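Undergrad: Return atomic coordinates for the entry below.
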Amino acid sequence: MPEQGQRRAPVPEPEEKGDAKDRAFEELRHIIVSPEQEQIVEIRSRIESSERRIEDVSSVVAEAIQMRRQRGDAAALSEALAPTVQETLRESVRKDPHVLADALFPVMGPAIRKSIAETLRSMVESFNEALEHSISLQGIQWRIEALRTGKPFAEIVLMHSLLFRVEQIFLIHRETGLTLSHLTGPSVATQDPAMVAGMLSAIQQFVRDSFASPNEDSLDSMTVGGLEVWIEEGPHSVIAAVIRGHAPADYRVAMEEVLEGIERDFGAAFDGFHGDAGPFRAADARLQSLLVAQRREKPGAARKPRMAIAASTLLLLLAAGWIAYVTYEVHEWSEFAQSLGKHPGIVVTAYGKSGGRWYVRGFRDPLAGDVAAELARYGLDANKADFEFAPFYSLDEGIVTERAVRLLAPPSGVKLAEKAGTLSASGTAPSGWISEFEERAPLVAGVVKIDTTELRNNEIAELESAILTFPLGSAELEAEQERVLARAVSDIAAIRRYAAQTSKEANLSVIGHTDSSGIEGTNQVLSNQRAAAVATILVRAGVPKEVVVSHGAGTTQPVRTEDTEEGRHLNRSVTFRVQLSPVRPTP
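TA: Numbering: from 1, shown residues only. Next up, the predicted model:
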């Protein structure tokens with residue numbers, strides 16, 4: 001017990017100068033009042049201490065819940081505890097779902113297995129009935145009836161082979177008409193159980209009101225199309241069975257027995273019913289026993305006809321062939337779609353079969369390969385498929401290169417190639433096309449930058465390959481060199497125009513050469529004279545003097561080997577070199 005609960009009321013110290021009578025009075029007062037003060041302190045301690053209040057409540061909470069149930073307030077208690085229990089379960093599942101799964105495992109497994117087994121059993125029975133009557137005179141008659149009435153063949157077989165089947169069971173609260181439980185047989189289409197229960201209750205009340213029937217009297221059966229509804233009423237509840245066919249009289253006895261058991265075992269739940277059907281879930285097992293079916297006995301059922309066996313074998317073979325064909329078709333179209341997606345410029349995002357036709361969707365570059373050719377390679381029919389390709393620009397190297405070739409139209413001596421976003425041009429081309437290439441190539445989809453290191457200007461190539469020859473020991477051009485000189489002047493003008501368009505400077509080197517005859521010093525002077533003579537001619541022809549530089553190389557840079565007279569003749573010459581460089585900014 002806490003120390004606070006054990007302390008006594010303080011005893012006032014007597015004054016040193018008080019008389020004996022006052023001290024006696026104080027002692028008497030202390031003896032009379034002290035126990036009550038101690039109890040007050042104890043009560044105050046219990047009220048103010050949350051730990052003691054929790055301890056007091058925990059010792060009686062179980063007894064309090066039990067007493068509330070015994071007084072008949074179980075519904076109110078459940079309503080109060082439900083939110084807490086639900087939140088606790090939700091939090092438990094969120095933190096560790098395995099705990100609840102382990103707790104439900106012994107119940108879930110058998111229930112699932114039973115449901116699956118019952119569904120499979122019903123499906124096999126219906127399949128056997130349809131199979132046995134598919135290829136027979138009776139089966140043909142039933143198929144004609146199905147076509148005439150518009151009903152499925154399986155439903156016609158069921159109608160002729162079924163004696164009766166209980167398709168739905170309703171447990172309804174008699175006073176309110178609310179559905180307490182609703183069970184259906186396998187493969188049975190149902191309506192809203194609450195709506196059906198309300199309609200049944202309304203019909204019952206209508207019959208009583210219309211025919212001045214006492215409340216104890218009720219409608220015990222009704223027919224709706226090909227269905228019968230049997231009704232059994234108890235003091236608190238009503239059982240309604242929806243029956244296809246004609247059930248025997250002993251089925252109503254079974255309904256009465258189940259209803260009596262529910263009325264007996266769920267009396268307390270009926271007395272405290274306020275709209276919550278939860279307590280009546282335990283009655284589902286009893287109601288399940290009413291979902292029964294009985295078929296007509298077939299003569300000679302122990303011995304199957306040979307025709308049925310043959311029909312079964314034929315159907316199995318047809319089914320196996322159909323499955324094999326479908327599998328093959330799926331495999332072929334899957335291989336085709338995957339192969340098509342690997343083609344440059346084609347992206348396949350989805351493929352499959354819908355409405356009996358195959359479809360392939362994705363994106364396709366206008367320069368991508370032909371889809372029809374890929375279809376033909378796999379032997380597939382294009383009329384059986386729909387292709388939906390949205391246009392886009394592919395970044396595949398081959399597609400980008402083809403796009404650049406079509407847009408830039410390179411001359412025959414130029415080769416284009418794209419890699420990692422860089423478009424490279426190699427070979428020789430006219431200066432006008434090179435200028436256009438440098439301007440338009442970056443605009444091609446997929447091109448980030450260009451590389452012209454391997455691209456040479458035609459005019460520069462022609463000018464640098466030109467050779468102006470001289471007579472032996474002379475600095476005067478040979479007479480037949482006027483045509484070569486005129487072509488050089490034209491090439492220089494074209495080079496200068498290209499340089500201006502591309503913001504570059506074109507510098508021309510005029511280089512004089514001599515053969516190996518003569519003295520080296522004399523050859524050097526002669527080569528300088530030859531280079532200066534050609535430079536003077538070019539300046540007179542309109543080439544700016546500041547872009548022309550002349551110098552002699554003597555015998556140090558031979559144009560050809562001198563094994564022949566032709567080689568020695570070409571070494572007595574002048575050649576050209578062009579240097580392109582960016583324009584230097586004006587200071």
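Undergrad: Identify the bridge partners of the residue lying closest to Lys449 once chain neighbours are set aside.
TA: Excluding the flanking residues, the one nearest Lys449 by C-beta to C-beta, 6 or more residues apart in numbering is Thr422, at 5.3 Å. To be clear about C-beta, it is placed using only N, CA and C from the backbone, and glycine gets the same treatment. Thr422 has these beta-bridge partners by DSSP bridges: Lys419, Lys449.
Undergrad: give me every residue that touches Thr422.
TA: 447-451 (C-beta atoms under 8 Å, 6 or more residues apart in numbering).
Undergrad: Also Glu228?
TA: Contacts of Glu228 (C-beta under 8 Å, 6+ apart): 221-222, 242-244, 246-247.
Undergrad: Filter these down to the buried ones.
TA: 242-244, 247 (16 or more other C-beta atoms under 10 Å).
Undergrad: Just send those back as JSON lines, with distance to Glu233 and pLDDT too.
TA: JSON lines is the format used below for the buried ones among the contacts of Glu228 (distance: C-beta to C-beta, whole Å; pLDDT from 0 to 100):
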{"residue": "Val242", "distance to Glu233": "16", "pLDDT": "87"}
{"residue": "Ile243", "distance to Glu233": "17", "pLDDT": "86"}
{"residue": "Arg244", "distance to Glu233": "22", "pLDDT": "82"}
{"residue": "Ala247", "distance to Glu233": "18", "pLDDT": "80"}
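Undergrad: okay, those in a markdown table with secondary structure and distance to Thr428 next?
TA: Below are the buried ones among the contacts of Glu228 laid out as a markdown table (DSSP: H, G, I helix; E, B strand; the rest coil; distance: C-beta to C-beta, whole Å):
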| residue | secondary structure | distance to Thr428 |
| --- | --- | --- |
| Val242 | strand | 93 |
| Ile243 | strand | 96 |
| Arg244 | strand | 92 |
| Ala247 | coil | 100 |
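Undergrad: Please enumerate the helices of the stretch 351-500 of the chain.
TA: 371-378, 397-408, 431-440, 458-465, 482-501 (DSSP state H, counting those that start in this stretch).
Undergrad: Correct me if wrong: Thr428 contacts Gly413.
TA: Yes: assessed by C-beta atoms under 8 Å, Thr428 is found in contact with Gly413 at 4.8 Å.
Undergrad: who has more neighbours, those two?
TA: Thr428 (17 against 14; other C-beta atoms under 10 Å).
Undergrad: contacting residues for that one?
TA: Taking C-beta under 8 Å, 6+ apart, one finds 413-414, 455-458, 461 in contact with Thr428.
Undergrad: rerun that using 7 Å as the cut-off
TA: With contact set as C-beta atoms under 7 Å, 6 or more residues apart in numbering, Thr428 has these partners: 413, 456, 458, 461.
Undergrad: From Val61, how far out is Phe164?
TA: 54 Å (C-beta to C-beta, to the nearest Å).
Undergrad: more neighbours, the two?
TA: Neighbour count, other C-beta under 10 Å: between Phe164 and Val61, Phe164 has more, with 17 against 10.
Undergrad: Tell me the spacing between that one and Val224.
TA: In terms of C-beta to C-beta, Phe164 sits 15 Å off from Val224.
Undergrad: before we move on, the earlier item: out of the contacts of Glu228, which is nearest to Ser201?
TA: Proximity of these to Ser201 (C-beta to C-beta) peaks at Met222, which lies at 13.0 Å.
Undergrad: Run through the neighbouring helices and strands of the host helix or strand of that closest one.
TA: Element membership for Met222, per DSSP states H and E: strand 221-224. Strand 221-224 sits against strand 227-233, with contacts defined as 3 or more C-beta pairs under 7 Å, 6 or more residues apart in numbering; DSSP states H and E.
Undergrad: quick one: Ser550 is in a helix?
TA: No: going by DSSP: H, G, I helix; E, B strand; the rest coil, the assignment for Ser550 is strand, not a helix.
Undergrad: residues in contact with it?
TA: Neighbours of Ser550 in contact, by C-beta under 7 Å, 6+ apart: 510, 531-532, 535.
Undergrad: one more time with 8 Å
TA: 509-512, 528, 531-532, 534-535.
Undergrad: likewise Leu508?
TA: 492, 538, 543, 547-549, 576-579.
Undergrad: Scan these and report the most crowded one.
TA: Ile492 (24 neighbours).
Undergrad: nearest residue to that one other than its sequence neighbours?
TA: Val543 (5.5 Å).
Undergrad: ok so, going back, any common contacting residues for Thr428 and Gly413?
TA: Joint contacts of Thr428 and Gly413 (C-beta under 8 Å, 6+ apart) are Asn458.
Undergrad: Point out where the stretch 451-587 of the chain drops to low pLDDT.
TA: Applying pLDDT under 70 to the stretch 451-587 of the chain picks out residues 584-587.
Undergrad: can you pull out the strands in it?
TA: Assigned by DSSP state E, counting those that start in this stretch, the strands in the stretch 451-587 of the chain fall at 468-469, 504-512, 548-552, 573-582.
Undergrad: For Ser424, see how far away Asn457 is.
TA: Where Ser424 is concerned, Asn457 sits at a distance of 16 Å (C-beta to C-beta).
Undergrad: more neighbours, those two?
TA: Asn457 (26 against 17).
Undergrad: who's the more buried one bridged to?
TA: In beta-bridge terms (that is, DSSP bridges), Asn457 pairs with Ala429.
Undergrad: Looks like it contacts Ala429 (just checking).
TA: Yes: using C-beta under 8 Å, Asn457 is in contact with Ala429, at 7.1 Å.
Undergrad: List the contacts of Ala404.
TA: Here Ala404 is in contact with 416, 418, 423, 441, 444, 447 (criterion: C-beta under 8 Å, 6+ apart).
Undergrad: contacting residues for the second one?
TA: Contacts of Glu418 were listed using C-beta under 8 Å, 6+ apart, and they are 397, 400-401, 404, 424, 446-447.
Undergrad: repeat for the fourth one
TA: The contact partners of Ala441, by C-beta under 8 Å, 6+ apart, come to 404, 408, 423, 425, 447, 450.
Undergrad: now, the most widely separated pair of the residues you listed?
TA: Ala425 and Val447 (11.2 Å).
Undergrad: Show me this protein divided up by domain.
TA: What automatic domain parsing lists as the domains of the chain is 3-58, 162-294, 308-391, 466-587.
Undergrad: pLDDT-wise, which helix or strand of this structure ranks last?
TA: Scoring the helices and strands of the chain by mean pLDDT, DSSP states H and E places helix 3-6 at the bottom, with a mean of 40.
Undergrad: Mind giving me the packing neighbours of the helix or strand following that helix?
TA: Later in the chain than helix 3-6, the nearest helix or strand by DSSP H and E is helix 20-48. Here helix 20-48 touches helix 3-6, helix 50-58, going by 3 or more C-beta pairs under 8 Å, 6 or more residues apart in numbering; DSSP states H and E.
Undergrad: in helix 20-48, what counts as buried?
TA: 26, 41-42, 45.
Undergrad: Pass me the low-pLDDT residue ranges in the stretch 51-200 of the chain, would you?
TA: 72-75, 77, 93, 97-139, 142, 153-162, 187, 189-191, 197.
Undergrad: And for Trp358, the neighbour number?
TA: Using other C-beta under 10 Å: Trp358 sits among 21 other residues.
Undergrad: follow-up on the earlier one: identify, from the buried ones among the contacts of Glu228, the entry nearest to Leu316.
TA: Using C-beta to C-beta, the buried ones among the contacts of Glu228 come closest to Leu316 at Arg244, 30.3 Å.
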